[in-house]
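> sequence first, predicted coordinates after that:
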Amino acid sequence: QVRLVESGGGLVQAGGSLRLSCVASGRSFSAYAMGWFRQAPGKEREFVTHITGSGGYTSSADSLKGRFTVSRDNAANTVYLDMNNLRPEDTAVYYCAATNIWSREPRAYNYWGQGTQVTVSS
């Protein structure tokens, strides 16, 4: 069992930056690939980025490349999402999730955090 808790969301002006954190409790954090997803009101949950258990490989949604970066610190059981040059369309609830496989599909993820709200004002 893995419990995930996100933090770091908030209100930011367009062009600003935020760092989201996701702390995991439970064993074998490094065994899980970790993903970040987001969901805006009235829209489906959307893949943002993910990272392998070792942290050696990442992959992101094409539309977000260059602005969003994922990283992890396995010693701290934490995965991060650095978001730069934020836009109003980035406004959403951001979720971290854990999986034993390599996938961009939300249904592939076994464990989810409660989400953290990111609001970008114009």
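Received the coordinates, thanks.

> which helix or which strand is home to the spatially most central residue of the chain?
With distances taken as C-alpha atoms, centre = their mean, Trp36 lies nearest the centre of the chain, 2.5 Å away. Per DSSP states H and E, Trp36 falls inside strand 33-39.

> what packs against that strand?
strand 18-25, strand 46-51, strand 68-73, strand 78-83, strand 92-99 (3 or more C-beta pairs under 8 Å, 6 or more residues apart in numbering; DSSP states H and E). For every residue, glycine as well, the C-beta is placed using N, CA and C.

> neighbouring strands of that strand in the sheet, and parallel or not?
Under the criterion DSSP bridges, strand 33-39 sits next to strand 46-51 (antiparallel), strand 92-99 (antiparallel) in its sheet.

> pick the most buried one from those.
strand 92-99 (a mean of 23; mean count of other C-beta atoms under 10 Å).

> now do that strand: distance to the chain's middle.
5 Å (C-alpha atoms, centre = their mean, to the nearest Å).

> now that strand - C-alpha only, CSV.
Provided in CSV are the C-alpha atoms of strand 92-99 (Å, rounded to 0.1, in the frame of the first residue of the first chain):
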residue,chain,number,x,y,z
ALA,A,92,-6.3,22.5,-12.7
VAL,A,93,-6.1,20.1,-9.8
TYR,A,94,-2.7,18.3,-10.1
TYR,A,95,-2.4,14.7,-8.9
CYS,A,96,0.6,12.4,-8.4
ALA,A,97,0.2,8.7,-8.8
ALA,A,98,2.2,5.5,-8.6
THR,A,99,2.3,2.5,-10.9
